[in-house]
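**Student:** what follows is a predicted structure for the sequence shown.
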Amino acid sequence: MTGLHLEGHTEQFLAALVYPLTSTARTLTCGGIATVTYTLLVLSSFPAFSMQMLAADLWYLDDAVIALTANTYATIGPVGLGLIVSYAVLTGVAVTNAVSRVTQLGRAGTSGLSSVLPGLLASGCASCGAGVLGLLGFAGALAALPFHGNLLRVGGIVLLSGYLARTGDPQSCAVRPDGGER
Amino acid sequence: MGSLDAPIDMYYWSDYRCPFCRRFERNAFPKLVENYVHAGAVRVIFIEFPYLSDASMTAAVMDRCVWRTVRDDTPRAYWRWHSTLFDVQGSNNSGWASTEDLLDITSDVDGVDASAVESCTNTHRTEIEASIHSEMDRATQFGIRGTPAFILYNRAEDVAGKLVGAQPYDRFDEAITQVQNP
């Protein structure tokens, strides 16, 4: 990758990150999606516990999130918890930008949505995969994974970052150095 | 723990390196002991499920040795040792559950002879590990995939219920009531 390309991708990535802050509605949407994503990721770290608590009463949601946040911190440390928060925020940005693209471009913008979905699914699985493994019966999966699953989480974040660096600000159509449009 | 005549058995699977188990030991467990075990309604059967790492197994083997050395004369010392281990539980990479550290911790627990425990672990480790592995296999057949996990069993009515994770005391209270009055 040339320096020009790298600089271009970095600019695109930063533009994508800033876009949700350009209006109150977008900021709230991004924050809401990030919160929901974080909640789902944390709950998926111990699916059987989460399901029992929520099946008993939905009001246990805060108890479950707080307990599993503390457990996640104790298990994978501040770096692991930071990666989960980063993934949730990037998901909020990616979904907000994809929705804006579709809203502005109509059917033509659905290519943006269709391109974000596989990335989200792949990176989501990478990020919460340990919990899903536990659900499937692989007890101790989190502990057995390299760096307690942090490598998987980094993989998810890289995928999402790559998507954002490729799409950039959904309101703009960047022109490639070779004259094409992206 | 508790009266042998208590009508409800609470089978409790745990790992000394599991932070979620520590949360249970600090929050719901003391209330359960006070309200149900001391009242003669529930007896607790603690079962090792050392699935997180090799150090988990080291702690589990030492647990068995502590019990062997105190059961005849000072059985209460076993629970002091058990609680102390959760009190001093360190983070994943701190190495707190090495044999040397565990013996240091043991020497500070009133009523437990650390040298007898060391001798037991040196002599019987292989045999105890085999026994623990076989109990883990049985637990897996009951659907136990992580810790802490609990099965509440009303022997007279042949009714059982399962709880997973460090759920709040109220959830245990509800579950015990359900098993008591099927």
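**Tutor:** Now that the structure is in, tell me what you want to look at.

**Student:** longest helix anywhere in chain B?
**Tutor:** Among the segments of chain B that qualify as a helix by DSSP state H, the longest is helix B:114-141.

**Student:** any residue of it up close to chain A?
**Tutor:** Yes. Looking at helix B:114-141 against chain A by Cβ under 8 Å from any Cβ of the partner chain, the contacts come from residue B:140. Glycine gets a C-beta too; all of them are placed from N, C-alpha and C.

**Student:** can you pull out the strands in chain A?
**Tutor:** Defined through DSSP state E, the strands belonging to chain A form an empty list.

**Student:** can you pull the contacts of the residue of it found nearest chain B?
**Tutor:** Scanning chain A for proximity to chain B using Cβ to the nearest Cβ identifies residue A:49 as nearest, at 2.9 Å. In this structure, residue A:49 makes contact with A:64, A:67, A:68, B:20, B:146, B:164, B:165, B:166, B:167, judged by Cβ atoms under 8 Å, 6 or more residues apart in numbering or on different chains.

**Student:** residue contacts, the closest residue to chain A within chain B?
**Tutor:** The nearest approach of chain B to chain A comes at residue B:165, 2.9 Å away (Cβ to the nearest Cβ). Contacts for residue B:165 (Cβ under 8 Å, 6+ apart) come out as A:46, A:48, A:49, A:52, A:53, A:67, B:20, B:24, B:146, B:148, B:149.

**Student:** so which residues of chain B form helices?
**Tutor:** Per DSSP H, chain B has helices spanning B:19-26, B:28-32, B:54-70, B:76-87, B:99-107, B:114-141, B:169-180. These are given in chain order.

**Student:** correction: chain A
**Tutor:** Listed in chain order (using DSSP H), the helices of chain A are A:3-18, A:24-43, A:47-56, A:61-105, A:110-136, A:141-144, A:150-167.

**Student:** and residue B:45, which of the ones you listed is closest to it?
**Tutor:** Taking Cβ to Cβ as the criterion, helix A:47-56 is the member of these that comes nearest to residue B:45, at 20.4 Å.

**Student:** which residues touch the residue lying closest to residue A:35 once chain neighbours are set aside?
**Tutor:** Across the structure, with Cβ to Cβ, 6 or more residues apart in numbering or on different chains as the measure, the residue nearest residue A:35 apart from its sequence neighbours is residue A:88 (7.4 Å). Residue A:88 is in contact with A:34, A:35, A:37, A:38, A:41, counting by Cβ under 8 Å, 6+ apart.
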